[in-house]
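Peer 1: Sequence and predicted structure are below.
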Amino acid sequence: MTSLFSFSMQDEFYIKRCIELAQKAIGKTYPNPLVGSVIVHNGKIIGEGYHHKAGEPHAEINAINSVKDKSLIPESMIYVSLEPCAHYGKTPPCALKIKELGFKKVVIGAMDSHDKVNGKGKKIIQDAGIEAVSGVLEEECIELNKRFFTYHEKKRPYIILKWAESGDGFLDKDFKPTSISNSLVNQFVHQLRADEHAILIGTQTALNDNPSLTVRNVIGENPVRILIDFDLKVPQDFSIFNKEAKTIVINSVKEEVKDNIHFIKINKENLLQDLMEALYKEQIQSVIIEGGRFTLQQFIDGNLWDEAIVIKNENLKLENGTKAPVLSNIKPYKTEEFRGNSIKFFRLKTI
Ligand code: AOF
Ligand code: ZN
């Protein structure tokens, strides 16, 4: 939603700072969103904070606590990248705290579509006679919490497709696994995994590559592993079942929880819809899908994806093998290129 008024450069500058602060906790706030806050008095930042972890204070509270001279607060503006909350969750409502302290003005990036907030926070503030505006750098603030917003608004996780292909568009050589990228790229891939809540592969990829799908080359948490294996063909001693992370097995045989492995039974004919419902119930906010081709193409054909990350090694020609998936309905929005070699990253988003 674009706003009718244009915001000042200062507003955008401070919301940008909120976004920067919020990003410090990327991958760590689940199931909560990333939020940053800045307190400004007479054009000077007197307080800053961000949400570190679910259960811990929200961004605004950390910003308020960082202000040394609290007597300046009634003459100050508070900036926050997400609408202040209105509910008693793990912490009390930030909107009430803002009202109690009597800030001069509140500037909000994006509104919070979480059922419990959804305009109520802004209303508490306005009803208290405090000026509140929202929508400053709205697109950037929505992008910051693309996972959280997609989960709450679409009732499904944010979906990222990822694969590596050769210059001539193949995923493997002669239908056998082959290395397409290098170790630097692998580190990047592990970072991508650490940023997401879950990682999904199909039966064939599990059988061919026996991946453990953990984050080894970077510091970060292992994502939940999701395996689509309708007939339970992947043996229990495969790496995907090791104890390093939780594994969800989507299948058509049984419903069972065994140690770190959770079997969820769904209807094969209705895969995409049933899978989305199951993952919503499991409170999975984002999934990176790492193949293989069949699995990736199912999501593309079902128009069920939000972002695609394609790693292309332009110098590598494989000549024969599995053809890379073909994207449809795409809007390129960012191209990242690795310096010093022929490997390129493309990040694309659906329209
Ligand atoms: C904010 N600032 O920094 C965050 C907000 O269980 P709780 O109390 O932590 O509440 C979680 C919900 O609060 C979360 O789903 C989202 O709607 C909002 N998160 N709100 O004003 C913050 N993290
Ligand atoms: Zn809050």
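Peer 2: Perfect, I can see it now. Ligands and ions are numbered 1, 2, ... in the order given.
Peer 1: From now on I want contacts and neighbour counts done on CA atoms only, so please keep to that.
Peer 2: OK.
Peer 1: hmm, who's touching stretch 153-160?
Peer 2: Here stretch 153-160 makes contact (CA atoms under 8 Å, 6 or more residues apart in numbering) with 113-114, 146-147, 150-151, 276-277, 279-280, 284-289, 304-309.
Peer 1: For ChimeraX, what selects the buried ones among the residues you listed?
Peer 2: The ChimeraX selection below is limited to those of these classed as buried (16 or more other CA atoms under 10 Å):
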select :113,146,147,150,151,276,277,279,280,284,285,286,287,288,289,304,305,306,307,308,309
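Peer 1: from the contacts of stretch 153-160, which are also near ligand 2?
Peer 2: Among the contacts of stretch 153-160, none lies close to ligand 2 by the criterion of CA under 5 Å from the ion.
Peer 1: residue ranges for the strands of the stretch 151-300 of the chain, please.
Peer 2: With DSSP state E, counting those that start in this stretch as the criterion, the stretch 151-300 of the chain has strands at 158-166, 198-202, 224-228, 247-251, 256-258, 261-265, 286-289.
Peer 1: Can you point out the buried residues in the second one?
Peer 2: In this case it means strand 198-202. Under the neighbour-count criterion of 16+ other CA under 10 Å, strand 198-202 has Ala198, Ile199, Leu200, Ile201, Gly202 buried.
Peer 1: for that strand, packing partners?
Peer 2: In terms of contacts (3 or more CA pairs under 8 Å, 6 or more residues apart in numbering; DSSP states H and E), strand 198-202 is packed against strand 224-228, strand 286-289, helix 293-301.
Peer 1: Comparing the ones you listed, which comes out most buried?
Peer 2: The highest average neighbour count among these, using mean count of other CA atoms under 10 Å, belongs to strand 286-289 at a mean of 25.
Peer 1: From the rest of the structure, what touches that one?
Peer 2: With CA under 8 Å, 6+ apart as the test, strand 286-289 has contacts from 147, 151, 157-162, 193, 196-201, 296.
Peer 1: Stretch 132-142 too?
Peer 2: Stretch 132-142 has contacts (CA under 8 Å, 6+ apart) with 1-3, 7, 11-12, 15-16, 19, 81-83, 105-111, 122, 125-126, 149.
Peer 1: which among those end up buried?
Peer 2: Neighbour counting by 16+ other CA under 10 Å classes 11-12, 15-16, 19, 81-83, 105-111, 122, 125-126, 149 among the contacts of stretch 132-142 as buried.
Peer 1: hmm, back to that, just the contacts of stretch 153-160 that are near ligand 1?
Peer 2: His114 (CA under 6 Å from any ligand atom).
Peer 1: thought Thr295 was touching Gln204?
Peer 2: No. Using CA atoms under 8 Å as the test, Thr295 is too far from Gln204 to be in contact (9.1 Å).
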